[in-house]
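> got a sequence here, can you build the structure:
(3 chains)
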Amino acid sequence: MGYVVQSALQVIPQTLDMAGRIQDAQRARGLETEGSLPSRARAYLPLMLPLVLSSLVATQERAMSLEVRGFGLPVKRVWRDEFVDTTTQRVVRWALALAVPLGIVARIAGWK
Amino acid sequence: MRFAYPAGAEVYPEPGLSVAIGDGVTALVGENGAGKTTLTKLLIGLLRPRAGNVSVAGVDVAKMTVAAMARIVGYSFQNPDDQLFERTVKAEVSFGPRVLKRRLEDIERGVAWAIRECGLEGKEEVHPHDLGLSERKWVAIASALAGEPQVVVLDEPTLGQDYPARRRLRALVEELAEQQRTVLVVTHDMDFVGESCPTTVVLSHGTVRYAGSTAGAFADRAMVEEAGIEPPHVTRLARSLGLPECVSEADFRTAWKR
Amino acid sequence: MSDPALVFEGVSYAYAEAPREAVSDIAFSIGEGEWVGLTGPTNSGKSTLCLLAIGLAPHFFGGRLKGRVVAFGRDSRSVSVIERSSEVGLLFQNPFTQVSGARERVDEEVAFGPECHGVQRVEIDARVAEAMEVVGISHLAARHPFDLSGGQLQRLALAGLLAMRPKLLLLDEPTSQLDPAGTAAIFEVLARLHTRGTTIVMVEHRLETLCELCPRVIAMASGRVIADGTPADVFNRELVQQRVGMPVYTRIARDAHVSSPLPVTLADATRSFGRPVA
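Next up is the predicted model:
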């Protein structure tokens, strides 16, 4: 779990950057992101979906990159936390890694 | 340094930084970090200046919300994945005009035109994420055009595009200029600048180093080098042959015929 | 006589649930130490070719593979990507998704790959220092990866691959998200690697750059190889000119009715137009 938390925490600044860019892009198209509850509700999908979709694509790219670097070899490695891995575990871990930053971003974005 | 052009957008982000961008196609160039994106964000109110004022098509940006500026400026961001969220290309492209509550027939017309200009005909019902990055960029550009805005800002439209796509982009900006719209293209592609942007603004370290004709920009070799930009390939060839300065292939043809 | 770096024999491939093949009947052989430029319009199969070369297709993506992809004598079907990763590296377009996210220092990030391979600590340190030097980021060793610019991140990703001492380096549009300074830095590194004997296959849209750097070009369109040879050979072919395009110099020369073969680089063009200036 150490790896999950570690990489999830480090991905947060990137996710916040992305959330900011998405908000800029949608506002520039005319979307109101502040104000009444109905207008904030209308803004939910245009603000959340690009983040989720981009994160999914990024997850796949990251997984490919990790594999290309040899992540997952059943070899004893010197890590902060030592453990052996499988592809399923890796994918689940990345999905978990995303849940944390997405949750935080959603909260920051005001959908309490 | 200030140049005045008829109509168009005038930008004064700071005391000492002022530039006027006129009708037709203008390229905004400079190294990363020079302030290009800052300038474009000031144009639509995503950033507000500490001093000075910004006006676009005669409108004082300080008095407008970003959403209101969207009626005047169509802005296409560099990374299409920062905005794509609808299930079909058509829904995505029509998102802006729908949000701005334009009339149905205006929406239909604008969307059809944007889709055609961006080479997306036949792909209206495709899910944008089923398209490659290059085509997703075109969806983002079409989304910026669908509202038929007076001013169009394209942020790095040529990145990662193949030759046919770059050619379509040239045709697009020419058409926009013919329609009397103001087009601002932020780009690193100097061949594109030489071919399609008669005017160029060069930014370096947050200041305007040059604003005027593109030919004039590249003729100032010291400024070009200091701003960290490179001349078009055509220009390099003309110089190595001792020909008069060229920035486009048409220039070269003329120069070569002597 | 050692094995060629990369051989494709009668290769066709379709992604899972895709109605059409992404690439068809691909055949070529790349020798060790070659620097090959791969180009073609969008969706011509260039990225798929890279994924096939390293084995992500079919191992990561599934799909249907016909024919053989052989790197350094080993068929991709019988070698996993992870096993392959000590010989073949692949650099993707996006600098931001190639960071492991598990390391807080640049030098530790570069060490990630060798650590996964169980390389000895002393050896890792040596490789990390060397890789950072080759790409020019030694001065960034203590920085946090997320503090780096896109161009710096791409060099970091490249260092991460080089730390595994790959004999074959595949690069899929490595500079398309970078500014000119970042781009130049990457190409400088590749030139250095080329002189040291690394085999390089690079996907690139900017044809002037391609012709300047790569002694050999493979052009693709609609999933097939349509030309394979020197840049001058490839871009003098009408089919390539129509389907892929050509460098600015070539087009200018063609329009000026310069006699063939048309030039593909600045130096060639200067000679063809016949009036060099000192």
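
> all contacts plus neighbour counts: C-alpha atoms, from now on.
Fine.

> of all residues in chain B, which one is closest to chain A?
B:Ala67 (3.9 Å; Cα to the nearest Cα).

> what's the helix or strand for C:Tyr13?
Per DSSP states H and E: C:Tyr13 is located in strand C:6-14.

> phi and psi next, for the residue lying closest to the residue of chain B closest to chain A once chain neighbours are set aside.
Leaving aside its chain neighbours, B:Ala67 sits nearest to A:Gly30 (3.9 Å; criterion: Cα to Cα, 6 or more residues apart in numbering or on different chains). With angles defined as degrees, to the nearest 10, A:Gly30 sits at phi 110, psi 0.

> right, is the helix or strand containing B:Val183 up against chain C?
Element membership of B:Val183, judged by DSSP H and E, is strand B:182-186. No - counting by Cα under 8 Å from any Cα of the partner chain, chain C has no neighbours in strand B:182-186; the shortest distance is 11.9 Å.

> circling back to that earlier point, tell me if the strand holding C:Tyr13 is near chain B.
No - applying Cα under 8 Å from any Cα, one finds strand C:6-14 out of contact with chain B, separated by at least 15.4 Å.

> partner strands of that strand, with direction?
With DSSP bridges as the test, strand C:6-14 is paired with strand C:23-30 (antiparallel), strand C:64-71 (antiparallel).

> if you compare these, which one is most tucked away?
Among the strands paired with strand C:6-14, strand C:64-71 has the highest mean neighbour count (mean count of other Cα atoms under 10 Å in any protein chain shown), at a mean of 19.

> measure how far that strand is from the centre of its chain, please.
19 Å (Cα atoms, centre = their mean, to the nearest Å).

> can I get the CA coordinates of that strand in CSV?
Extracted in CSV, the C-alpha atoms of strand C:64-71 (Å, rounded to 0.1, in the frame of the first residue of the first chain):
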residue,chain,number,x,y,z
ARG,C,64,-4.4,-10.3,-33.3
LEU,C,65,-0.8,-10.5,-34.5
LYS,C,66,0.3,-12.2,-37.7
GLY,C,67,3.9,-12.6,-38.8
ARG,C,68,7.0,-12.2,-36.6
VAL,C,69,8.5,-9.3,-34.7
VAL,C,70,12.1,-10.2,-33.8
ALA,C,71,14.4,-8.0,-31.7
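
> count the neighbours of the residue nearest to B:Ala67 for me.
When neighbours are defined as other Cα atoms under 10 Å in any protein chain shown, A:Gly30 has 23 of them.

> residues in contact with it?
Applying Cα atoms under 8 Å, 6 or more residues apart in numbering or on different chains to A:Gly30 gives the contacts B:Val66, B:Ala67, B:Ala68, B:Met69, B:Ala70, B:Arg71, B:Gly96, B:Val99, B:Leu100.

> neighbours around B:Arg253, how many?
B:Arg253, neighbours per other Cα under 10 Å, totals 15.

> quickly find the element holding it.
Counting by DSSP H and E, B:Arg253 is found in helix B:249-256.

> ok so, going back, give me the contacts around the strand holding C:Tyr13.
For strand C:6-14, the surrounding residues in contact (Cα under 8 Å, 6+ apart) are C:20-31, C:53, C:63-72.

> with stretch C:181-192 instead?
Contacts of stretch C:181-192 (Cα under 8 Å, 6+ apart): B:Gly228, C:Val134, C:Val135, C:Gly150, C:Gly151, C:Gln152, C:Arg155, C:Pro174, C:Thr175, C:Ser176, C:Ile200.

> only alpha carbons, please: show the helix or strand harbouring B:Asp106 as PDB.
For B:Asp106, the element it lies in under DSSP H and E is helix B:104-117. Taking Å, rounded to 0.1, in the frame of the first residue of the first chain, the C-alpha atoms of helix B:104-117 are listed here in PDB:
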ATOM      1  CA  LEU B 104     -31.200  26.900 -32.600                       C
ATOM      2  CA  GLU B 105     -30.700  27.800 -36.300                       C
ATOM      3  CA  ASP B 106     -27.500  29.800 -35.400                       C
ATOM      4  CA  ILE B 107     -26.200  26.800 -33.500                       C
ATOM      5  CA  GLU B 108     -27.000  24.400 -36.400                       C
ATOM      6  CA  ARG B 109     -25.300  26.700 -38.900                       C
ATOM      7  CA  GLY B 110     -22.200  27.400 -36.800                       C
ATOM      8  CA  VAL B 111     -21.700  23.800 -35.800                       C
ATOM      9  CA  ALA B 112     -22.000  22.600 -39.400                       C
ATOM     10  CA  TRP B 113     -19.600  25.200 -40.600                       C
ATOM     11  CA  ALA B 114     -17.100  24.400 -37.800                       C
ATOM     12  CA  ILE B 115     -17.300  20.700 -38.500                       C
ATOM     13  CA  ARG B 116     -16.700  21.200 -42.200                       C
ATOM     14  CA  GLU B 117     -13.800  23.600 -41.800                       C
END
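
> tell me which helix or strand comes right after it.
Downstream of helix B:104-117, the next assigned helix or strand under DSSP H and E is helix B:133-145.

> who are the packing partners of the longest helix seen in chain A?
Using DSSP state H to define each element, chain A has its longest helix at helix A:37-68. Secondary-structure packing of helix A:37-68 (3 or more Cα pairs under 8 Å, 6 or more residues apart in numbering or on different chains; DSSP states H and E): helix A:2-27, helix A:87-108, helix C:81-84.

> okay, now residue 50: neighbour count?
Using chain A here. With other Cα under 10 Å as criterion, A:Pro50 counts 22.

> can you look at chain C instead?
Count around C:Cys50 with other Cα under 10 Å applied: 23.

> for it, which non-adjacent residue is closest in space?
Nearest non-adjacent residue to C:Cys50, counting by Cα to Cα, 6+ apart: C:Leu170, 6.5 Å away.

> for my notes, confirm the one you found occurs in a helix.
No - membership of C:Leu170 in a helix is not supported by DSSP: H, G, I helix; E, B strand; the rest coil, which gives strand.

> any idea what it is bridged to?
Counting by DSSP bridges, C:Leu170 forms beta bridges with C:Leu90, C:Val201.

> so it sits against C:Gln93, correct?
No - between C:Leu170 and C:Gln93 there is no contact under Cα atoms under 8 Å: 11.3 Å.

> more neighbours: the two, which one.
More neighbours surround C:Leu170 than the other of C:Leu170 and C:Gln93, with 23 against 20 (other Cα under 10 Å).

> quick one: contacts for that one?
Residues in contact with C:Leu170 (Cα under 8 Å, 6+ apart) are C:Cys50, C:Val88, C:Gly89, C:Leu90, C:Leu91, C:Ile200, C:Val201, C:Met202.

> to what extent is the second one buried, counted in neighbours?
Translated: C:Val88. Using other Cα under 10 Å, C:Val88 has 29 neighbouring residues.

> surely it is in contact with C:Ile54?
Yes - between C:Val88 and C:Ile54 there is a contact under Cα under 8 Å: 6.5 Å.

> give me the common contacts of the two.
Residues touching both C:Val88 and C:Ile54 (Cα under 8 Å, 6+ apart): none.

> quick one on the thing from earlier: any idea which of the helices and strands packed on helix A:37-68 scores lowest on pLDDT?
Lowest mean pLDDT within the helices and strands packed on helix A:37-68: helix A:87-108, at a mean of 59.

> residues in chain A within reach of chain B, list them.
Counting by Cα under 8 Å from any Cα, chain A sits next to chain B at A:18, A:21-22, A:24-32, A:45-46, A:49-51, A:53-54.

> so which helix or strand takes in the closest residue to B:Asp189 other than its chain neighbours?
Spatial nearest neighbour of B:Asp189, chain neighbours left out: B:Thr158 (7.0 Å); criterion: Cα to Cα, 6+ apart. B:Thr158 is part of no helix or strand when elements are defined by DSSP H and E.
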